[in-house]
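whatever this is, show me its structure:
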Amino acid sequence: MEDTQKVNWAVLVFSGSTLVLVGLDLLTDYGHGGSKEHLILEGILFLLSGGFLIFGMKQWSRTRQEIRSLQSDVQSLYQEKEKWKEETNQLLQGLSIKIEKQFVHWNLTPAETEVGFLLLKGFSLKEIADIRNTKLKTVQQQSQAIYQKTGLSTRSELSAFFLEDLLPPAA
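Numbers count the residues shown, from 1 in each chain. All right, here's what the predicted structure looks like:
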């Protein structure tokens, strides 16, 4: 983008310089009685240079307007993304609170609640043991206690209990 701008400026400067130099040469030749053919040729060159300059300036102006429009669009999208993230974060926090209330309703201990959240996040029993700095056997017992207290059999059922109402029904 920056290289293109440099090239565009170079073309505009070259067209403007050519226009000025040809114009000065045309005036000088006209003042010194240059031939009619020579003056016509330089006049055509003058008009072409002017045309290129005007075309280049119009293109540059349109490009600048387009850049400003795109920058505005990007800013709007950024604001929309931030608003969406904020709303989603609020929903996730609300879901987390609802899950925790359900864990309390099931009479899960604080340790079982922590394991329950980690199970819902998709961690393996080994990973949960590592995260909690406990033995694998302890996490296995806590997960079994969760399934017993909830009346659910598997991690999938535990996840489905909370996600079922979030997803649209099957067709």
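
now for the helix ranked longest in the chain, which elements pack on it?
Ranked by residue count under DSSP state H, the longest helix found in the chain is helix 36-105. Here helix 36-105 is seen to pack against helix 2-31, helix 110-120, helix 155-163 when contacts are counted using 3 or more C-beta pairs under 8 Å, 6 or more residues apart in numbering; DSSP states H and E. All C-beta atoms are positioned from the backbone trio N, CA, C, and that covers glycine.

please parse this protein into its domains.
1-82, 106-171 (automatic domain parsing).

to residue 92, which of those lies closest?
domain 106-171 (11.0 Å; C-beta to C-beta).

show me how far that closest one is from its chain's centre.
Domain 106-171 has its C-alpha centroid displaced from the chain centroid by 34 Å (C-alpha atoms, centre = their mean, to the nearest Å).

residue furthest from the geometric center of the protein?
The outermost residue of the chain relative to its centre, with distances by C-alpha atoms, centre = their mean, is residue 33 at 64.4 Å.

distance-wise, check it relative to residue 43.
15 Å (C-beta to C-beta, to the nearest Å).

counting contacts, what elements does the one helix or strand in the chain whose mean pLDDT sits lowest pack onto?
In the chain, the helix or strand scored least confidently by mean pLDDT, DSSP states H and E is helix 2-31, which has a mean of 80. Counting contacts by 3+ C-beta pairs under 8 Å, 6+ apart, helix 2-31 packs against helix 36-105.

what angle do the helix it packs on and helix 155-163 make?
110 degrees (axes from the mean of the first three to the mean of the last three C-alpha atoms, to 10 degrees).

what mean pLDDT does helix 36-105 have?
Mean pLDDT, computed over helix 36-105, is 89.

stretch 133-146 now?
So the average pLDDT for stretch 133-146 ends up being 96.

and it, C-alpha only, in PDB?
Provided in PDB are the C-alpha atoms of stretch 133-146 (Å, rounded to 0.1, in the frame of the first residue of the first chain):
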ATOM      1  CA  ASN A 133      -2.000 -31.400  41.800                       C
ATOM      2  CA  THR A 134      -3.800 -34.500  43.000                       C
ATOM      3  CA  LYS A 135      -3.600 -38.200  42.200                       C
ATOM      4  CA  LEU A 136      -5.400 -39.700  39.200                       C
ATOM      5  CA  LYS A 137      -7.200 -42.000  41.600                       C
ATOM      6  CA  THR A 138      -8.600 -39.100  43.500                       C
ATOM      7  CA  VAL A 139     -10.000 -37.400  40.400                       C
ATOM      8  CA  GLN A 140     -11.500 -40.800  39.300                       C
ATOM      9  CA  GLN A 141     -13.300 -41.100  42.600                       C
ATOM     10  CA  GLN A 142     -14.500 -37.500  42.500                       C
ATOM     11  CA  SER A 143     -15.800 -37.900  39.000                       C
ATOM     12  CA  GLN A 144     -17.600 -41.100  40.000                       C
ATOM     13  CA  ALA A 145     -19.100 -39.200  42.900                       C
ATOM     14  CA  ILE A 146     -20.300 -36.500  40.500                       C
END
